[in-house]
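A.B. asks: give me a 3D structure for the following:
(2 chains)
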2 protein chains.
Amino acid sequence: MRRIDLIEPFRVMQLLERAKQLEAEGQRIIHMEIGEPDFPTPEPVLEAARNHLATGDNFYTPSTGSPQLQQALADWYADEYDVQIAPERILITPGTSGAFSLIYAVLLDAGESVLLPDPGYPCQRNFVRLAGGEALNIPVGPETRYHLSAAHIADNWQQKTRAAVVINPGNPTGTLIEETELAAIASCCAEKGGYLISDEIYHGLTYGEKPPCALQGNHGDNREHTIVVNGFSKRWAMTGWRIGWVILPEDLIGAARRVMQNIFIAAPTISQFSAISALSSQREVEGMRIAYDTRRRYLLAALPKLGFDIVVEPQGAFYIYANVQKLSDDSRAFCWDMLEKVGVAITPGEDFGIHHAAEHVRFSYATSLDCLKEGMRRLEMPCKQVLMKNNTA
Amino acid sequence: MRRIDLIEPFRVMQLLERAKQLEAEGQRIIHMEIGEPDFPTPEPVLEAARNHLATGDNFYTPSTGSPQLQQALADWYADEYDVQIAPERILITPGTSGAFSLIYAVLLDAGESVLLPDPGYPCQRNFVRLAGGEALNIPVGPETRYHLSAAHIADNWQQKTRAAVVINPGNPTGTLIEETELAAIASCCAEKGGYLISDEIYHGLTYGEKPPCALQGNHGDNREHTIVVNGFSKRWAMTGWRIGWVILPEDLIGAARRVMQNIFIAAPTISQFSAISALSSQREVEGMRIAYDTRRRYLLAALPKLGFDIVVEPQGAFYIYANVQKLSDDSRAFCWDMLEKVGVAITPGEDFGIHHAAEHVRFSYATSLDCLKEGMRRLEMPCKQVLMKNNTA
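C.D. replies: Sure, this is the predicted structure:
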């Protein structure tokens, strides 16, 4: 099989295409499948963009990013996490997608592997495969809050394994990893001579406990074996701006710079300069966080009444991973059914892996409370019909 | 050797660092090493950016690009080259760098190879290696205007070769490939069951003959085996915006879309919408082209007087590839010498390959005529000294 054939499509895209077709025919579709903030970018960022446009500077920044943005992020890490990070360790990438392409280009040789959670962010597997590596998908469940544990790492690490990925809060589950477990994973990866890759893209979008940066506190002990990824897309509602970053151990920076010079040249200039203003847009971010939390609470109350089981309460991101076994034994068929029958789009579990995939769906609440309410109203009848039928049977 | 160790740095970067150090010490450096337009982005593009910011749309476009930009480019191809290209075949990438990452992810399996010219654009080799492929660097010289020829393709194609790259006008040489040769290469790649990759990033920056698009006219006969890459960075002075595109044969589009969903999600949104206005900024582009040509003519007259031999007159881009054998037998040492002695930065041949690299340097005229004149004035004394010494010896 050729490498390109290992790269999986997002299966939900077919469902989205059908949704668009239905919309073109005049139907209103409720979108709970999309993992993209529905909020506009904070005004201070837009203002910074207008100001930067006026300077006439549309040239490349250094490959590793604008030194001003690197410094602003270093200051932000000191404020936000009380951790000192040298600005030159913070490499600016075109989104976190760019960060992952970069990381695997630097870390992997053909046939080397990375430990990933299943269910998990679907692109991770594909990043690893595109770099010629092997994705080792480890089944995870409610017992570890859908995260890899230190025991998983110890049990599954192979001779050619180079790293393990934790995304905290998680996608598709929105769950936080236990702080002690994150530290234990970092130690375990360090002992193996590999790396913990901590994807912190949903940091800031949490609704209670605040997750630590993997370089903070005790975690810092393993900083030579820890890679942190983050970006502006989610917390700051800046998806289309394409700015992420990666914090690398010092000994990987030279290699990373070589790769960045070649595969990116640099991240988009206006976006980089505008992003600096995001870091002081605390008020706007807090407004979005509160709105997400209201939606989250609404769905957490509404979904179980319709037969969706939420095994572990999500504490972050804008996702709810729900078990649909009471409603269907085939989550893909269920999602298609809900789209066709009542115009509600939900992502089937198969987009996140194979472990119990047919039993789960992911709801995204990156859409207005009114839309969510309309979605629940529409799901009520078909769900209740199934529940009644199963109760009678 | 690990893959990452095969990725070469730009050697000129060390020279640039030293130049910055000298500038920090108060020296004025004349930069003729940088391949980035010195012009600001055309005003209609800036206006479009301001207008797009006002819409509040900062969301992802489809992975393959904004349909409006795809359509605008299809219209542009009809106008510019009289060639009909379906908009959905034009995939929008984060710069042409993104286009090449994408192409090699789609085309190559581990150990497969790509034919490249030496001297040539240094990133090409690294893109191929990062994709796990092998770069076959074919020595080229004045006899083929520094381009691959159909004979090169026929002689060097191996069982595992998948493509050959032509960049027209070339970097570092600025030379155009003969039209009949381009068609012959396309046929040859098609016969081998592989692909011609035509990098047309410097199209529009030519000073006489206009090169054809590789999908135009006769070339269209092999369109199922031809890949065209282009972007907004050079012709439209939009480097920091990071927008390129690739035109793929239909049967590769599905695979490319899967890769794009994963490694980019999408190109930057504001840049995509602004780029549409670039396509009607003909007047601004023509102003830049005329300025480049004036600079080119100035250097073509001035450089030989200093002892630089220009074997093939460059007809495009903003580069002059010159033989320095009359001045030095080590172009790297020569470049360092000129930087230290007279504060002039030039790129040594080694950044473009190994074939006669020590005998050549590349001048970029992406800097003002005044700077170029000052550069020539500074080079005069050290060059004349060497020439006189050699004549006496």
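
A.B. asks: so which strand or helix has the residue positioned nearest the centre of chain A?
C.D. replies: Centroid-nearest residue in chain A, with C-alpha atoms, centre = their mean: A:N171, separated by 5.2 Å. A:N171 belongs to no helix or strand when elements are defined using DSSP states H and E.

A.B. asks: leaving out the residues flanking it, which one is nearest to it?
C.D. replies: A:Y121 (4.8 Å; C-beta to C-beta, 6 or more residues apart in numbering or on different chains). C-beta here means a position set from N, CA and C on the backbone, and glycine is covered the same way.

A.B. asks: how far away is that neighbour from chain B?
C.D. replies: Distance, A:Y121 to chain B, by C-beta to the nearest C-beta, to the nearest Å: 10 Å.

A.B. asks: what are the phi and psi values at that residue?
C.D. replies: phi -60, psi 120 (degrees, to the nearest 10).

A.B. asks: so how many other residues sit close to it?
C.D. replies: Look at A:Y121: counted by other C-beta atoms under 10 Å in any protein chain shown, it has 23 neighbours.

A.B. asks: residue boundaries of the helices in the stretch 51-200 of chain A?
C.D. replies: A:67-81, A:95-107, A:122-130, A:150-156, A:179-191 (DSSP state H, counting those that start in this stretch).

A.B. asks: how about the residues of the stretch 251-393 of chain A by chain B?
C.D. replies: A:255, A:257-259, A:261-271 (C-beta under 8 Å from any C-beta of the partner chain).

A.B. asks: from the residues you listed, which land in helices?
C.D. replies: A:A255, A:R257, A:R258, A:V259, A:Q261, A:N262, A:I263, A:T269, A:I270, A:S271 (DSSP state H).

A.B. asks: and which of the residues you listed is nearest to chain B?
C.D. replies: Nearest to chain B out of these is A:T269 (C-beta to the nearest C-beta; 3.0 Å).

A.B. asks: and the lowest-mean-pLDDT helix or strand in chain A, how far out from the chain's middle?
C.D. replies: Lowest mean confidence among the helices and strands of chain A (mean pLDDT, DSSP states H and E): helix A:12-24, at a mean of 89. How far helix A:12-24 lies from its chain's middle: 23 Å, per C-alpha atoms, centre = their mean, to the nearest Å.

A.B. asks: which strands and helices sit next to it?
C.D. replies: helix A:331-342, strand A:344-345, strand A:347-348 (3 or more C-beta pairs under 8 Å, 6 or more residues apart in numbering or on different chains; DSSP states H and E).

A.B. asks: quick check: mean pLDDT across the last one?
C.D. replies: Taken as a whole, strand A:347-348 has a mean pLDDT of 96.

A.B. asks: spatially nearest residue to A:I30 (excluding sequence neighbours)?
C.D. replies: Nearest residue to A:I30, sequence neighbours excluded (C-beta to C-beta, 6+ apart): A:G375, at 4.0 Å.

A.B. asks: same check, this time on A:R145
C.D. replies: With sequence-adjacent residues excluded and distances taken as C-beta to C-beta, 6+ apart, A:R145 is closest to A:T175, at 4.3 Å.

A.B. asks: just A:G174 next, same as before
C.D. replies: A:P314 (2.7 Å).

A.B. asks: counting neighbours, what do you get for the one you found?
C.D. replies: For A:P314, the count of nearby residues is 27 (other C-beta under 10 Å).

A.B. asks: and what of the one 3 residues further on?
C.D. replies: The tally of other residues near A:A317 (other C-beta under 10 Å) stands at 29.

A.B. asks: who's in contact with it?
C.D. replies: Going by C-beta atoms under 8 Å, 6 or more residues apart in numbering or on different chains, A:A317 touches A:P169, A:G170, A:N171, A:G174, A:Y202, A:L205, A:K234.

A.B. asks: with A:H203 instead?
C.D. replies: A:H203 makes contact with A:N168, A:P169, A:P211, A:C213, A:N230, A:R235, A:G316, according to C-beta under 8 Å, 6+ apart.

A.B. asks: closest to chain B among these?
C.D. replies: A:R235 (13.8 Å).

A.B. asks: show me what contacts that closest one?
C.D. replies: By C-beta under 8 Å, 6+ apart, the residues touching A:R235 are A:I201, A:Y202, A:H203, A:G204, A:L205, A:V285.

A.B. asks: the fourth one contacts A:E286, doesn't it?
C.D. replies: Which is A:G204. No - using C-beta atoms under 8 Å, A:G204 is not in contact with A:E286, being 9.3 Å away.

A.B. asks: more neighbours: which of those two?
C.D. replies: Using other C-beta under 10 Å as the criterion, A:G204 and A:E286 rank with A:G204 on top: 19 against 11.

A.B. asks: what is the neighbour count of the residue nearest to A:R89 when sequence neighbours are not counted?
C.D. replies: If the residues on either side of it in the chain are set aside, A:R89 comes closest to A:I247, at 5.4 Å by C-beta to C-beta, 6+ apart. The number of residues packed near A:I247 is 25, by other C-beta under 10 Å.
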